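1. just coords:
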């Protein structure tokens with residue numbers, strides 16, 4: 001099966017093309033640039049490089065969140081457009097699960113996370129399982145301080161994976177001490193090829209139009225709008 005994988009959920013923009021279990025092309029950037037401007041040209045470039053046409057694709061796989069609201073929307077919208085236009089299935093995968101794959105050979109807990117501001121993180125807990133990872137705690141939005149207290153009760157080593165590590169490493173070490181482990185910088189970026197291979201083994205979404213991002217929380221503008229609506233209803 002030929003498939004394309006797209007991840008724009010955070011600063012990393014990743015695209016991969018696979019043919020069954022062979023990764024034939026992969027592109028990754030980790031830049032604070034507009035994904036909406038760069039994504040389609042990057043897809044076109046990679047497909048040209050590997051000698052494929054859009055009509056060759058049989059599946060679209062996308063990281064559907066959590067992460068940056070704008071980034072998640074760009075990736076999901078592009079993936080849905082491709083799937084609908086080409087009349088092929090779409091598969092969504094947690095962006096945290098994709099990052100957790102980088103720790104698949106770690107003998108302990110694996111904690112991918114993305115900064116969510118105001119002391120919060122998007123995170124989940126995983127463990128290595130036969131050269132793959134299995135989820136131990138579902139993806140969630142949580143105060144980092146509360147999350148670290150939960151991890152402390154596990155009394156096991158925890159591998160932290162994140163491009164936002166520099167923002168929180170000191171806090172993590174203060175709570176977990178030498179039970180907190182931090183990988184080489186090359187392991188902190190999610191790999192679109194991992195996304196592609198996960199999505200190859202998942203059931204496609206039943207309806208492309210109904211496929212939606214997994215934000216884990218409403219955008220601030222949506223929260224304010226709902227508060228205003230509720231206030232109007234009470235008056």
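-> Yep, that arrived. The structure displayed is predicted, hence computed values, not measured ones.

2. name the single longest strand found in this protein.
-> Scanning the chain for the strand with the most residues, using DSSP state E, yields strand 133-143.

3. next SSE downstream of that strand?
-> helix 144-152 (DSSP states H and E).

4. for that following helix, buried residues please.
-> Neighbour counts over helix 144-152 (16 or more other CB atoms under 10 Å) mark 144, 147, 148, 151 as buried. (Each C-beta comes from the backbone N, C-alpha and C, glycine too.)

5. direction included, what does the longest strand of the chain pair up with?
-> Taking DSSP bridges as the criterion, strand 133-143 forms sheet pairs with strand 120-128 (antiparallel).

6. what about residue 169, which SS state?
-> helix (DSSP: H, G, I helix; E, B strand; the rest coil).

7. need the contact list for the nearest residue in space to it that is not next to it in sequence.
-> Closest residue to residue 169 apart from its sequence neighbours, by CB to CB, 6 or more residues apart in numbering: residue 182 at 6.4 Å. Residue 182 sits next to 159, 160, 165, 169 when contact means CB atoms under 8 Å, 6 or more residues apart in numbering.

8. same question for residue 61.
-> Each residue near residue 61 by CB under 8 Å, 6+ apart is listed here: 3-6, 79, 90-93, 195-196, 198-200.

9. so which of those belong to helices?
-> When DSSP state H defines the helices, the subset of those inside them is 79, 195, 196, 198, 199, 200.

10. which residues does the residue most central in space within the chain contact?
-> The centroid of the chain falls nearest to residue 95 when counting by CA atoms, centre = their mean (1.4 Å). Counting by CB under 8 Å, 6+ apart, residue 95 makes contact with 7, 9, 10, 63, 64, 65, 66, 67, 72, 114, 190.

11. pLDDT score for it?
-> In this prediction, residue 95 carries a pLDDT score of 98.

12. now swap in the one 5 residues further on and tell me
-> Model confidence at residue 100, expressed as pLDDT, equals 97.

13. what does the one 4 residues further on give?
-> The model reports residue 104 with a pLDDT of 93.

14. repeat that for residue 36.
-> Looking at residue 36, the pLDDT reads 92.

15. contacts for the strand or helix carrying it next, please.
-> Residue 36 is located in helix 35-50, with elements delineated by DSSP H and E. Residues from elsewhere that reach helix 35-50 (CB under 8 Å, 6+ apart): 4, 6, 8, 13, 15, 17, 24-27, 29, 53-54, 70-71, 74-75, 78.

16. from the ones in helices among the contacts of residue 61, pick the one nearest residue 215.
-> residue 79 (15.6 Å; CB to CB).

17. that closest one: neighbouring residues, count only.
-> The number of residues packed near residue 79 is 25, by other CB atoms under 10 Å.

18. quick one: it and residue 148, what's the gap?
-> 34 Å (CB to CB, to the nearest Å).
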